[in-house]
Structure formats: C-alpha cells, structure tokens
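A.B. asks: Next come a sequence and a model predicted from it.
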2 protein chains.
Amino acid sequence: MLHEEVVGRIRDILLDGEIPPGARIPERELCERLEISRTPLREALKVLAAEGLVQLLPHRGSRAAKLTDKDMRDLFEVCQGLEALAGELACERISDAGIADIAAAHAAMVQHYREGDLIQYYRGNRAIHEGIVNAAGNPALSALYASVTARIRRARYVTPMTPQRWALAVKEHEAILNALERRDGAGLSHILRAHLRHKREEVLQAGFAETETSELTLKIA
Amino acid sequence: MLHEEVVGRIRDILLDGEIPPGARIPERELCERLEISRTPLREALKVLAAEGLVQLLPHRGSRAAKLTDKDMRDLFEVCQGLEALAGELACERISDAGIADIAAAHAAMVQHYREGDLIQYYRGNRAIHEGIVNAAGNPALSALYASVTARIRRARYVTPMTPQRWALAVKEHEAILNALERRDGAGLSHILRAHLRHKREEVLQAGFAETETSELTLKIA
DNA sequence: GCCCTCAAATTTGAATGCAAAATAGCGACA
DNA sequence: TGTCGCTATTTTGCATTCAAATTTGAGGGC
C-alpha cells in the first residue's frame, strides 16, 4: 500500500463527508478498514493536516477540520485569486484544441442543466473550472487550486440551488467560455471573480444550515 | 519534541541551503542530529513533500526538491497572483495603523538600501511583502503565500543584484506604499504584478548559476 | 579489459511495542 | 444529590524491530 494512496483514500473519506467536520478521526478503526498499521495512517494524517483538511490536537487526537464561515470566506477569496490568475494565463497559452475541450465540457454541463441533473451539473462545472486552471499550464497553480477547492468542496455541495441562481451560473459560464474563446484574459479574470463571488454568497448563506447538520451528524455518530 | 518543531527545523535546514537542492536527505544523520527516531522524521518529510520542499522517491529515499526554471517561473506566477489578490484585499481592510507599520518597514528598508546592506534590505523587503499579504486579513492566503515564497526563497537570495535593479526595486516599493496609502486596490495589484515580474526576470537570469553551484555542492557533499 | 550476473549489505517502508498523556469511571465527601 | 478527586483504561507519540527493495561489490564470462 503506497503512502500516497493512503492520503488519497482518507482525503476521499473526508471529502465524502463520511467523517463530518469537527468529528474525531478514529485511528484504530481506520487502520482496520484500510488494513494498515498506525504508522502510515499517522503519516497521512500529518500530510492532510498540512493541507488543512485535518486538525491535529497534541495528545488529543486528530479531527476532521471544521471550517468557520470566516475560513470559508477566506478560501473563496483565495480561490477567486487563483482562478483569476489562471484565466489570464490560460488565455495566453491555451490551444484551440484546449478551448474545444472546454467548450465540449461546457456543452455537456448545459445539457445536464437542461435535464435538471444537479449532481452531474456540479461535476461538469468543476471540470470546466479545473480545465481552465490546468490550461494555465502551471502545475504549481493547479496543485494549489486543487488543495483550496478540496477544502471548499463539501460546503459547496450543500448549497441550496435555486432556479434563479442556477440560471445565472449557467449564463456566467457562457460568458466565461466566450471570453476564453476570444482569449480575453482581463475579461475572463473579471468574470471569474464575479462568478465566484456569487458562488460564495450562496455558500455563506448556506453556512448556518451546514454547521447545524454537521453538529447533528456529529451527535448521531 | 513536538512534531511541528521537527517540520520547522528541517524546513529551516532546507531553506538555509544546508542540504542543497537535489541532494539526498540523510535520514540517519538527521535523526542523530535532531535526537529523534526515524518515525517523527519521516512524518516531517512527508509533510515537507506535500509542501513541495522535498521529493519522495519510492524505495529510493527523499531528496531536497530541485526546482527547474519552469518550476520557478510557475511559482513566481502564483506568487504574483497571490500578492495581487492580497494587495486588493489589503487596500479594503488595512487600518491606518497597519499602513503606518508598513510605511515604517518601508523606511527601514530604504535606510538599508542607502547603507548598501543587501541582506538587511532583503529582510526588510520580505517583511513588507509579508505585511501586505497579512494585511489582507486572510490567514488561508497568508499560509499559501508563505508556502510558495518558501520554495522560491533560496533562489531569490542568489540573485545578483545590480545597482540599477536595486534602484528600480526601491522605486517600485515607493509606488507600492503610495498605492496602499491611497487604498488604490486596482493600482496596487497592478504594481505588485509588475514588481514581481521584474524580480522573476532577475531570478531566471540567475537560474543557470544557481543550478551549477548546486551541482557543485552536491558533488562535494 | 569490460560487462553482466548474483549475493551481501545498506536503506527504506511498515508493524509492533512501550512510555506518557488524556479520558473515563468510580467512590468519597460536602 | 451533585461535585471533586483518585485510579484504571484508553489513546497518543515515539522508539524499536522486521521484512522488502535497492544499491554496492565481487566474481565469472565474453
């Protein structure tokens, strides 16, 4: 069992919400489940703590990181900055084929929107944003972006999506694709920031619901 | 010995260049020196690998990360994006006292410039940039910035600083402070990007010298 | 003389064991 | 009855140990 694999699997467990934010991470249980000893598990937890997904309390174990509304706002701001940067760079560097790929992903996402398939829509949405970031041709940027979005992801999923917001998001995506096709870096950067600001507002409005359900899940568990 | 402390100490060893980029990290030696066993050392190495300071080769040990010119360029781009974002946010949020602190740091740095003390100048320079980033009031951003600059730092130090470049850098810093005092977010963002672009060009020109000295040190070690 | 092959030795990666700290449980006392 | 304090248990953090993989070195073949 490769070390990297352990990190990935625990990350997935955390991102799936199987261990709710703030809940204690049961070392022994995870060891049995992954069929590994405590050593590699603890190494993985240290790495995830460095990534911000896990909180390490000295002599008191590790917990799934619990993000406050402020933390979420902060992460969104960073995410905005990274996407804006990626957008500018992508416009300079993306190939026609790359644009075609993102256009295809966009079309697929719009199709999911029309079908009202929210889960698939989210997946497509994520693919487009990741695609733009990767199109910047900057692995360091991609890695940081992945780290930041991983922390945000769970909260984003609980967002109550209204028809109005959904329509707006799709419209914004049209504009994003359009700016990319025109290779309008400044414009794309601007749109991405506005787009994320809207997303952020949604999430923060959902903030209270999120924390409450977490508390609830915690008590049940 | 706290785990966090081990990470910090090894990070310092790497940033001080005591273990040159690309060189093998002698596990046993470090254990003796830090008076710890391999378990916490290896945990720390995994964390530093996640931070990008260490490369982990399966079954072949760990090495101090060796950054290519492309890696450096990428990191500078990210750094630019983060500083630009921080500049905008700082202009919205910084207090008058905060501006005064940065102005003081700036004055101190200019003094070091006049005295021709490059080391102290660099220290002051770093303090100002960190001050602006922290003034954004976004810990997540500060942490990411710290991580990125840590990776860049060593290369930045070997930059051959010419009088012209130095004068330009100081001039740009004047403009930075000025924009901050006017709370001109867009302007500050713009200046910071240009400022970093200049820095980047310096570093990349120094790239070859850097890699060669590293190779040399490697052979000696 | 050079290269390939095979075995010893070192080094890595993971499991287990052990001491210290924290939590939980129980009883005594106000 | 509620709270405080003490002990037992669990859990954490680190050291040690063990197996697997790689590197090193010697010997034989070409």
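C.D. replies: Thanks, I have the structure now.
A.B. asks: can you list the residues of chain A near chain B?
C.D. replies: A:2-3, A:39, A:42-44, A:46-47, A:49-52, A:56, A:58, A:71, A:74-75, A:77-78, A:80-82, A:84-85, A:89, A:136, A:138-141, A:143-144, A:148 (Cβ under 8 Å from any Cβ of the partner chain). Any C-beta I mention is one placed from the backbone N, CA and C, and that applies to glycine too.
A.B. asks: The helix or strand hosting A:Glu4 vs DNA strand D: in contact?
C.D. replies: A:Glu4 is part of helix A:3-15, with elements assigned from DSSP states H and E. No: Helix A:3-15 lies out of reach of DNA strand D by Cβ under 7 Å from any atom of the strand, never closer than 13.5 Å.
A.B. asks: ok, residues contacting that helix?
C.D. replies: The list of residues contacting helix A:3-15 from outside it, by Cβ atoms under 8 Å, 6 or more residues apart in numbering or on different chains, reads A:19, A:30, A:34, A:36, A:40-41, A:43-45, A:47-48, A:51, A:53-54, A:64, A:150, A:153-154, B:46, B:56.
A.B. asks: Of those, which belong to strands?
C.D. replies: The strands, defined by DSSP state E, take in A:Val54, A:Ala64, B:Leu56 from these.
A.B. asks: And for A:Leu30, the neighbour number?
C.D. replies: Taking other Cβ atoms under 10 Å in any protein chain shown as the neighbour definition, A:Leu30 ends up with a count of 19.
A.B. asks: repeat for A:Gly98
C.D. replies: 17.
A.B. asks: part of a helix, is it?
C.D. replies: Yes: counting by DSSP: H, G, I helix; E, B strand; the rest coil, A:Gly98 is part of a helix.
A.B. asks: That one contacts A:Ala135, doesn't it?
C.D. replies: Yes: in terms of Cβ atoms under 8 Å, A:Gly98 counts as a neighbour of A:Ala135; the distance is 5.2 Å.
A.B. asks: Would you mind measuring from A:Asp101 to A:Leu2?
C.D. replies: Between A:Asp101 and A:Leu2 the computed distance is 30 Å (Cβ to Cβ, to the nearest Å).
A.B. asks: In terms of neighbours, single out the busier of the two.
C.D. replies: In terms of neighbours (other Cβ under 10 Å), A:Asp101 is the more surrounded of A:Asp101 and A:Leu2; the figures are 17 against 9.
A.B. asks: Quickly find the element holding that one.
C.D. replies: With DSSP H and E as the criterion, A:Asp101 is inside helix A:96-115.
A.B. asks: And the next helix or strand past that helix?
C.D. replies: With DSSP H and E, the next secondary element past helix A:96-115 is helix A:118-135.
A.B. asks: could you say what helices and strands that following helix packs with?
C.D. replies: helix A:69-93, helix A:96-115, helix A:139-157, helix A:163-181 (3 or more Cβ pairs under 8 Å, 6 or more residues apart in numbering or on different chains; DSSP states H and E).
A.B. asks: Give me the buried positions along the second one.
C.D. replies: Put plainly, it is helix A:96-115. Going by neighbour count (16 or more other Cβ atoms under 10 Å in any protein chain shown), the buried part of helix A:96-115 is A:Gly98, A:Ile99, A:Asp101, A:Ile102, A:Ala105, A:His106, A:Ala108, A:Met109, A:Val110, A:His112, A:Tyr113.
A.B. asks: Please enumerate residues in contact with it?
C.D. replies: With Cβ under 8 Å, 6+ apart as the criterion, helix A:96-115 contacts A:94, A:120-121, A:123-125, A:127-128, A:131-132, A:135, A:166, A:170, A:173-174, A:177, A:180-181.
A.B. asks: what would the ones in strands among the contacts of helix A:3-15 look like in CSV with distance to DNA strand C, pLDDT and neighbour count?
C.D. replies: Below are the ones in strands among the contacts of helix A:3-15 laid out as CSV (distance: Cβ to the nearest atom of the strand, whole Å; pLDDT from 0 to 100; neighbours: other Cβ atoms under 10 Å in any protein chain shown):
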residue, distance to DNA strand C, pLDDT, neighbour count
A:Val54, 17, 96, 21
A:Ala64, 16, 95, 24
B:Leu56, 6, 95, 18
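A.B. asks: All good on my end, thank you.
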